[in-house]
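J.: Below are the sequence and a predicted model for it; my questions follow.
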Amino acid sequence: MTVRERHFADVTVLDVEGRISNEEDAAALREAFDGLTREGRLKLTVNLRLVPTLDTLGLCEILRAYTSVTRRGGALKLLNLTPHVRHLLVVTKLMGVLEAFDDEAAALESLGKLGAWRGTSAS
């Protein structure tokens, strides 16, 4: 699994690619979220378009990040859910908690900022 960051003003988009199906993947996701919150980046969009499988460990990391940023006054939105991930969120009744978008511009706008792109990568 890889995680790449893109920044639009004060919004960070995390492009996640690959299966999130073991402790190593969950730890990499946690590391990405923790690094951003330490930097004070509290408006996050998690792009899951290239995530075919998400297990409960990955889901727990997304929920942990959601709780962490919202407690600090930020927000976390999901983007481009695959059918598997969407089904998991529906079954766990988390679709009512985590807001999901199919359009990146709409997700960014929901976080209140659209701006110039400056990309960085982290794996």
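T.: Sure, I can see it.
J.: The spatially most central residue of the chain is in what secondary structure piece?
T.: The geometric centre of the chain, computed from its C-alpha atoms, lies nearest to V46 (Cα atoms, centre = their mean), at 2.3 Å. When elements are assigned from DSSP states H and E, V46 belongs to strand 43-50.
J.: List the neighbouring strands of that strand plus their orientation.
T.: Next to strand 43-50 in the sheet, as set by DSSP bridges, lie strand 11-17 (parallel), strand 75-79 (parallel).
J.: got TSV for those strands, with mean neighbour count, mean pLDDT and distance to C60 too?
T.: C-betas here are computed from N, CA, C, even on glycine. Conversion of the strands paired with strand 43-50 to TSV gives the following (neighbours: other Cβ atoms under 10 Å; pLDDT from 0 to 100; distance: least, Cβ to Cβ, whole Å):
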stretch	mean neighbour count	mean pLDDT	distance to C60
strand 11-17	21	97	15
strand 75-79	21	97	14
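J.: Of all those, which one is nearest T53?
T.: The closest approach between T53 and any of the strands paired with strand 43-50, judged by Cβ to Cβ, belongs to strand 11-17 at 11.6 Å.
J.: ok, the residue nearest to the centre of the chain to A9 distance?
T.: Going from V46 to A9 by Cβ to Cβ, to the nearest Å gives 17 Å.
J.: quick one, which of the strands paired with strand 43-50 is nearest to E23?
T.: strand 11-17 (16.1 Å).
J.: Could you list the buried residues of the helix or strand following that closest one?
T.: Following the chain from strand 11-17 toward its C-terminal end, the next helix or strand by DSSP H and E is helix 23-38. Under the neighbour-count criterion of 16 or more other Cβ atoms under 10 Å, helix 23-38 has 25-26, 28-30, 32-33, 36-37 buried.
J.: Fine by me, we can end here.
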